[in-house]
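In: model the structure of this input:
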Amino acid sequence: MSINCDIKQVAEALGMQPSSKSQYELRYGKKGSLSVNLKTDVWFDHEQHNGGGMLDLVIYKGQANSKQKAAEWLKQQGLIADDTPAPKSKNILRAHVYRDAMGEPVRKAVKYKDGTWRQSRWHQGDWISGVKGVANIPYRLPEILEDNFDCPLFIFEGEKDVDRAIDKGLHATCNVGGAGKWTRELNQYLIGKSVCIVPDNDAAGLDHASKAFEVLVLDGIPSAIMTSHLADLPDKGDFSDWMDKHNDDIDLFYKLEQQSRENQKSPEQAYLDKFGIKPASDLLGMQFDPLTFLYQGLVPSVGLTLIAALPKTGKSFFVLNLAAHMDAQGKSAHYLAAEDNERRLKDRIAMVFKDDPRHLTYHAVMSSEQRLPRGSDAILQIKQVAKSTGAQCIIVDTMQSILNPSTTNKNYD
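Out: Numbers count the residues shown, from 1 in each chain. Down below sits the predicted model:
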């Protein structure tokens, strides 16, 4: 079977009436929270954080409980031609079932291999897409309710880390939906517990920890935010990354948790520490090695120096003069001439250098058949060139030549 209709026709077959319309979008509901994209044939409910394609919409509106049955329903409406098999479901990476105090399934959070998530509810022995009206409970609730009052309860950002923590003997939970979603209704299950919130190593993780801490305090639940593990994590690293690095050393993790409690900082201070934001008065007690220069007062031997000026004002000749000065001092440099060929670069070097260059290498990009790398690939290439040539200074003329195209918005990375 092949779908020979669009999502607007599916919505009409489901009896849905739009509350607002635009050229490429229909909105449904009193608040217009359900959006249908007429160009891509996908929908998303901004209140329930659920969405998908045409078959998913049929399931979401209660006409089917699987994509196979949704396809059959569309066929009954005359919206599917009987010539090819019904579309296959996306590949699931992992699924996490939320159970009530009695161990009965309530909701399920599924992560697919393409990085998307979907939630469903348990109804009459089957999983139904959407969780509207479903009770909000913490993950692994039956384990939370066990008599473990002498152990700290760790709140992680996601189910993957909770599963690993419990598997290794920790007392752990999280909220559904990821960072920033811990709500006061979850506090009732943690009364009497001593809580430690474990953030991921990014701004969203620290913000999540801060918000969860503020909510827990409302009901007098003793809580702390763990930050002592962050130093061993890469950017955006999580508990599972820490466990991988430390060979599942739970004893060390407990020690770090205790350190965090003893040296407890406010959530605001933990956020500042993450980015190295300090009082200016701290600078007075710092000691720094004196700077050395490849060109005195202008080009330090470490770091990045930017030369900026209007077009056609002599920037290239200026940096070639810097290279000539370094060459005369016995300091090696590499000149990446992104806008020159070898003919023009030869003339320029002959004009600037009094003697033949002894410590200068060059890359005339316009005479090379190899495309110049951009972005992170350009950084790798520069590192390799510096290593291979022994250059103490890499001159990039111009910086724009190695940045990613601006439409990708990755230049700051």
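In: where do the strands sit along the stretch 1-150 of the chain?
Out: Assigned by DSSP state E, counting those that start in this stretch, the stretch 1-150 of the chain shows strands spanning 2-3, 20-21, 25-28, 34-37, 42-45, 50-52, 80-81, 92-99, 105-112, 117-123, 126-129.
In: do the same with the stretch 301-413 of the chain
Out: Along the stretch 301-413 of the chain, counting by DSSP E, counting those that start in this stretch, strands occupy 333-337, 360-364, 393-397.
In: of all these, which one is nearest residue 65?
Out: Nearest to residue 65 among the strands of the stretch 301-413 of the chain is strand 393-397 (58.3 Å), distances taken as C-beta to C-beta. (C-beta placed from N, C-alpha, C; glycine too.)
In: which residues touch residue 45?
Out: 33-35, 51, 60, 130 (C-beta atoms under 8 Å, 6 or more residues apart in numbering).
In: export the strands of the stretch 301-413 of the chain as a markdown table, with columns for distance to residue 230.
Out: Listed next are the strands of the stretch 301-413 of the chain as a markdown table, based on distance: least, C-beta to C-beta, whole Å:
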| stretch | distance to residue 230 |
| --- | --- |
| strand 333-337 | 37 |
| strand 360-364 | 40 |
| strand 393-397 | 32 |
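In: mind putting the ones you listed in CSV, mean neighbour count included?
Out: Output for those, formatted as CSV (neighbours: other C-beta atoms under 10 Å):
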stretch, mean neighbour count
strand 333-337, 24
strand 360-364, 19
strand 393-397, 20
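In: for residue 115, find the nearest of those strands.
Out: Closest among those, once you apply C-beta to C-beta, is strand 393-397, at 34.2 Å.
In: quickly run through the sheet partners of that closest one, with directions.
Out: Sheet pairing for strand 393-397, assigned by DSSP bridges, gives strand 333-337 (parallel).
In: for the closest residue to residue 318 other than its chain neighbours, phi and psi?
Out: Excluding the flanking residues, the one nearest residue 318 by C-beta to C-beta, 6 or more residues apart in numbering is residue 307, at 6.6 Å. The phi and psi values for residue 307, taken as degrees, to the nearest 10, are phi -110, psi 120.
In: closest to residue 55 out of the strands of the stretch 301-413 of the chain?
Out: Closest approach to residue 55 among these (C-beta to C-beta): strand 393-397, 50.8 Å.
In: ok, and what's touching the closest one?
Out: 294, 299, 315-316, 319, 322-323, 326, 331-340, 382, 385-386, 402.
In: list only buried entries from those residues.
Out: The neighbour count (16 or more other C-beta atoms under 10 Å) marks 294, 299, 316, 319, 322-323, 326, 331-338, 340, 382, 385, 402 as buried among these.
In: which residues sit in contact with the residue nearest to residue 318?
Out: 315, 318-319.
In: helices of the stretch 301-413 of the chain, start to end?
Out: 315-328, 342-352, 376-389 (DSSP state H, counting those that start in this stretch).
In: looking at the ones you listed, which is buried most?
Out: Stretch with highest mean neighbour count among those: helix 315-328 (a mean of 19; mean count of other C-beta atoms under 10 Å).
In: which other residues reach it?
Out: Contacts of helix 315-328 from elsewhere in the structure, counted by C-beta under 8 Å, 6+ apart, are 294-295, 298-299, 307, 309, 332-333, 335, 337, 339-340, 348-349, 351-354, 357-360, 392-393, 395, 397-398.
In: pull it out as CSV, backbone CA atoms only.
Out: Once non-C-alpha atoms are left out, helix 315-328 reads as follows in CSV (Å, rounded to 0.1, in the frame of the first residue of the first chain):
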residue,chain,number,x,y,z
LYS,A,315,46.6,43.5,4.9
SER,A,316,48.3,40.8,2.9
PHE,A,317,51.5,42.9,2.5
PHE,A,318,51.3,43.8,6.2
VAL,A,319,51.3,40.1,7.3
LEU,A,320,54.0,39.3,4.7
ASN,A,321,56.2,42.0,6.3
LEU,A,322,55.5,40.3,9.7
ALA,A,323,56.6,37.0,8.2
ALA,A,324,59.8,38.6,6.8
HIS,A,325,60.6,40.0,10.2
MET,A,326,60.1,36.6,11.8
ASP,A,327,62.2,35.0,9.1
ALA,A,328,65.1,37.4,9.7
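In: how about the contacts made by residue 59?
Out: Taking C-beta under 8 Å, 6+ apart, one finds 65-67, 70, 128-129 in contact with residue 59.
In: just put those residues in TSV and tack on distance to residue 184 and pLDDT.
Out: Shown next, in TSV, are these (distance: C-beta to C-beta, whole Å; pLDDT from 0 to 100):
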residue	distance to residue 184	pLDDT
65	33	90
66	36	91
67	37	87
70	37	88
128	27	86
129	27	85
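In: low-confidence ranges in the stretch 1-150 of the chain?
Out: 1-4, 81-89, 147-149 (pLDDT under 70).
In: with the stretch 201-350 of the chain instead?
Out: Flagging of the stretch 201-350 of the chain using pLDDT under 70 yields the residue ranges 265-267, 270-271, 274.
In: buried sites along stretch 174-181?
Out: 174-179, 181.
In: quick one: which of these is nearest residue 365?
Out: When the buried residues of stretch 174-181 are compared against residue 365 (criterion: C-beta to C-beta), the nearest one is residue 179, at 43.1 Å.
In: make sure the closest one is indeed in a helix.
Out: No - counting by DSSP: H, G, I helix; E, B strand; the rest coil, one finds residue 179 to be coil, located in no helix.
In: what is the burial count for residue 232?
Out: Residues near residue 232, counting by other C-beta atoms under 10 Å, number 14.
In: next up, the contacts around it.
Out: Per C-beta under 8 Å, 6+ apart, neighbours of residue 232: 242, 245-246.
In: one more pass at 10 Å, please.
Out: By C-beta atoms under 10 Å, 6 or more residues apart in numbering, the contact list for residue 232 reads 201, 241-242, 245-246, 252, 256.
In: identify the farthest-apart pair in these.
Out: Using C-beta to C-beta, the two most remote members of the contacts of residue 232 are 201 and 252, lying 16.8 Å apart.
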